[in-house]
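*Asks:* the sequence and its predicted three-dimensional model are supplied below.
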Amino acid sequence: MKRTNYVGRTSEKQIGQEVVLKGWVASRRSFGGLIFIDLRDREGIVQLVFDEKKYPEAFKVANEVRNEYIIEVRGVVRKRAEVNPDMETGTIEVEVEEANQLATSMTPPFSVKDDTEANEEMRLKYRFIDLRRPKMMKYLKLRSKMTSIVHRYFDNHDFLDVETPDLTRSTPEGARDFLVPSRTYPGHFYALPQSPQLFKQLLMAAGVDRYYQMARCFRDEDLRGDRQPEFTQIDMEMSFASAEEIQETTEGLIKMMMKEIKGIDIKTPFPRMKWQYAMDKYGTDKPDTRFEMLIEDLTDLFKNSSFKLFANEANQERHFVRAICVPQGAEKYSRKDLEEKEEYIKRYHAKGLAWVKVGANGYTGTIADQISDQAEEINKRLGAHEGDLIIFVAGSFQVVCDSLGWIRRKIGHEMHMMNKDQWNYMWLVDWPMFEYDEGWGRWIAAHHPFTMLNPEDLHYLNDGEDPHKAHAQSYDIILNGQEIGGGSIRVHDPKIQEKIFKALGYSKEEANTRFGFLIKGLEYGMPPEGGLAFGFDRWVLMLAHANSIRDVVPFPKNSKGIEPMTAAPGTVSQGQLDELHIAVNKNTGHVNPKD
RNA sequence: GGUCCAUUGGUCUAGUUGGUUUAGGACGCAUCCCUGUCACGGAUGAGAUCACGCGUUCGAGUCGCGUAUGGACCGCCA
């Protein structure tokens, strides 16, 4: 029997026609001599009817099948007497004349429906069952559609899709590398790429001019709800393009994506926000601009205050007293709620959280008396009115930003300030070139070491100057408070690249060992160029309104890096280890219990 | 590396302050009845050494400690 159409695409147009369908038994309802089966495939569900009197052979098959058995049926589409409005194909059914069982199934560990009660551990272990759920199938289709749009867009704009190697060389900085031992060279290792960064730059040196790739990237760091050890980037690079041209190209892709996926016309160009402003007003380098509730600085008001807690902070270098005003938050938030928030922000090393509620006769709350002198000015700066809640945090720049940034986002959620169908894309620009890493005790590249700084900031690389003041020609693309991509104009002058390596503390030898091939590329002529990489999984996650990146990755790792279905990583034979010249210290660490 | 939370039939869970609980329910499963259901319905039934170990106690699913697993977060993720 040859299938005539997908189960889920059976339609009223086929009424009276014969169809052959193949799919999974989603549910079975027996009435003695009459059996209904909901048949499911990736496109949807249709109701089958088996009548013992009319087609006894087919009925016998229906009587024996159970949930998740796979069957093929031949029958006639007909209009239903009683319509089921909850079902997409609820106006029709198929009266089955012939049926065959193609596969049996053990009782599934959880039922295949969207509101499944199974927890994620179960779903990942039996992913092939989990993916049968319509919601998961929808995610797979969305991802496929988005991939195809990416290819179409870049192909239409003269970009070449070029593959770069997965077995490459370990580079310092950035994330920990996944290593692959070399069989032929004992003690040598390939590394899986954290991104195709250096290759795409060398493709520019090669004259490819416009490159893109759906590239798999690998980073051996701890996982999060929006982070997997292997993930997909939409990677692109353009020669002879300014930051604006690269951004324009990116906006074009986003515009096309939003039109085709969501049917929405997104306005371009996107707003640009400077890094410093984002940190000051939103407390983060990925602001959610769907709601206001901005952070305001009050440091100057407390320099001479008798309120020691604030005064002490206000008089320290690069320490601040800042606040947000929660409109009509006074009733919504109890002392207990705020204590919980205070507890939370201690993980950002905040010493505490202070708050007042704005009443008809001034402030009430923990520090109301201590700050009554400044009340008028505070209200003015924050635009506070009766019924509002003001939350203060004092401390170092990092602590104040992290704490108030988190509180702003958290309260935004709790008070339903963001609309999930609003899509605020924006560029975050004017990044600092370097950050001081307390752990390493040295300067590191904020973006990556091949980022071009603003030409007028070049002198900060000289000895005795403050690299912290240098700004980079890099840009992040932000969507609703999530970073979904980032890029930069690259260094194409070997002399400048050398200076940057030096500022980062690399000796010439070290730089040559690690990045020699890039330096060579520069020496043989690199065009001015730049590019951008999108976190594709995260973008899919957001457009899908999914809860976790694990929902839009077909076979994801759990939070401990284990893939529960295959139980990777696993052990290998002694023979394999010998070939790779590897001795394993068996007394160290844990064993994958699923292996 | 660190902090916090969770773990009870196949699945999801209830189980107060330790004591009538033979560990309750829902879904699923099995057998039977049923020709218009669509989360079908009805009847009957099977299925759990309460993650593991040690301890406290007259008595532990319940309290403590440890281990394991899962999840969230900090660090980390150029």
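*Replies:* Received, thanks.
*Asks:* which residues of chain A score low on pLDDT?
*Replies:* Scanning chain A for pLDDT under 70 picks out the ranges A:117, A:438-441, A:586-595.
*Asks:* would you map out the domains in it?
*Replies:* Per automatic domain parsing, the structural domains of chain A span A:7-103, A:138-273+A:423-561, A:291-414.
*Asks:* centre of the chain to the longest one, how far?
*Replies:* In this case it means domain A:138-273+A:423-561. 14 Å (CA atoms, centre = their mean, to the nearest Å).
*Asks:* and what of the first one?
*Replies:* The chain centroid and the centroid of domain A:7-103 are separated by 40 Å under CA atoms, centre = their mean.
*Asks:* picking that back up, can I get the domains of chain A in a markdown table including distance to residue A:127?
*Replies:* Heads up, the C-betas are built off the backbone N, CA and C, glycines and all. Converted to a markdown table, the domains of chain A look like this (distance: least, CB to CB, whole Å):
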| stretch | distance to residue A:127 |
| --- | --- |
| domain A:7-103 | 15 |
| domain A:138-273+A:423-561 | 6 |
| domain A:291-414 | 30 |
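*Asks:* tell me which of these sits nearest to RNA strand B.
*Replies:* RNA strand B lies closest to domain A:7-103 among those, at 2.3 Å (CB to the nearest atom of the strand).
*Asks:* which other helices and strands does the longest helix anywhere in chain A contact?
*Replies:* The residue-count maximum for a helix in chain A (DSSP state H) belongs to helix A:134-156. With contacts taken as 3 or more CB pairs under 8 Å, 6 or more residues apart in numbering; DSSP states H and E, helix A:134-156 sits against strand A:160-161, strand A:210-218, helix A:243-257, helix A:536-544, helix A:549-552.
*Asks:* how about the ones you listed in CSV, adding distance to residue A:52 and mean neighbour count?
*Replies:* Putting the helices and strands packed on helix A:134-156 into CSV (distance: least, CB to CB, whole Å; neighbours: other CB atoms under 10 Å) gives the following:
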stretch, distance to residue A:52, mean neighbour count
strand A:160-161, 57, 12
strand A:210-218, 53, 21
helix A:243-257, 52, 18
helix A:536-544, 44, 22
helix A:549-552, 42, 22
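*Asks:* okay, those in a markdown table with distance to RNA strand B next?
*Replies:* Below are those laid out as a markdown table (distance: least, CB to the nearest atom of the strand, whole Å):
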| stretch | distance to RNA strand B |
| --- | --- |
| strand A:160-161 | 20 |
| strand A:210-218 | 8 |
| helix A:243-257 | 16 |
| helix A:536-544 | 11 |
| helix A:549-552 | 8 |
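*Asks:* so which bits of the stretch 151-300 of chain A are right by RNA strand B?
*Replies:* Within the stretch 151-300 of chain A, the positions adjacent to RNA strand B are A:173-176, A:194-195, A:197, A:219, A:221-225, A:227 by CB under 7 Å from any atom of the strand.
*Asks:* let me fix that, I meant to ask about the stretch 351-500 of chain A.
*Replies:* Going by CB under 7 Å from any atom of the strand, the residues of the stretch 351-500 of chain A near RNA strand B are A:402, A:437, A:439, A:444-449.
*Asks:* most neighbours among the residues you listed, which one is it?
*Replies:* Using other CB atoms under 10 Å as the neighbour test, these are led by residue A:449, with 24 neighbours.
*Asks:* assign a three-state SS to that residue, would you?
*Replies:* coil (DSSP: H, G, I helix; E, B strand; the rest coil).
*Asks:* and residue A:128, what is it in contact with?
*Replies:* residue A:565 (CB atoms under 8 Å, 6 or more residues apart in numbering).
*Asks:* that one and residue A:40, how far apart?
*Replies:* 14 Å (CB to CB, to the nearest Å).
*Asks:* kindly report the same for residue A:165.
*Replies:* Shown here: residue A:165 relative to residue A:40, a distance of 41 Å by CB to CB.
*Asks:* more neighbours, those two?
*Replies:* Higher neighbour count among residue A:165 and residue A:40: residue A:40, with 22 against 11, using other CB under 10 Å.
*Asks:* list the contacts of that one.
*Replies:* Each residue near residue A:40 by CB under 8 Å, 6+ apart is listed here: A:7-8, A:23-26, A:112, A:132.
*Asks:* for it, which three-state class applies?
*Replies:* Assignment for residue A:40 (three-state DSSP): strand.
*Asks:* list the residues that contact the nearest residue to it once chain neighbours are set aside.
*Replies:* Leaving out its chain neighbours, the residue that sits closest to residue A:40 by CB to CB, 6 or more residues apart in numbering is residue A:26, at 4.0 Å. If a contact means CB under 8 Å, 6+ apart, then residue A:26 has A:37-40, A:45, A:67, A:112 as its contacts.
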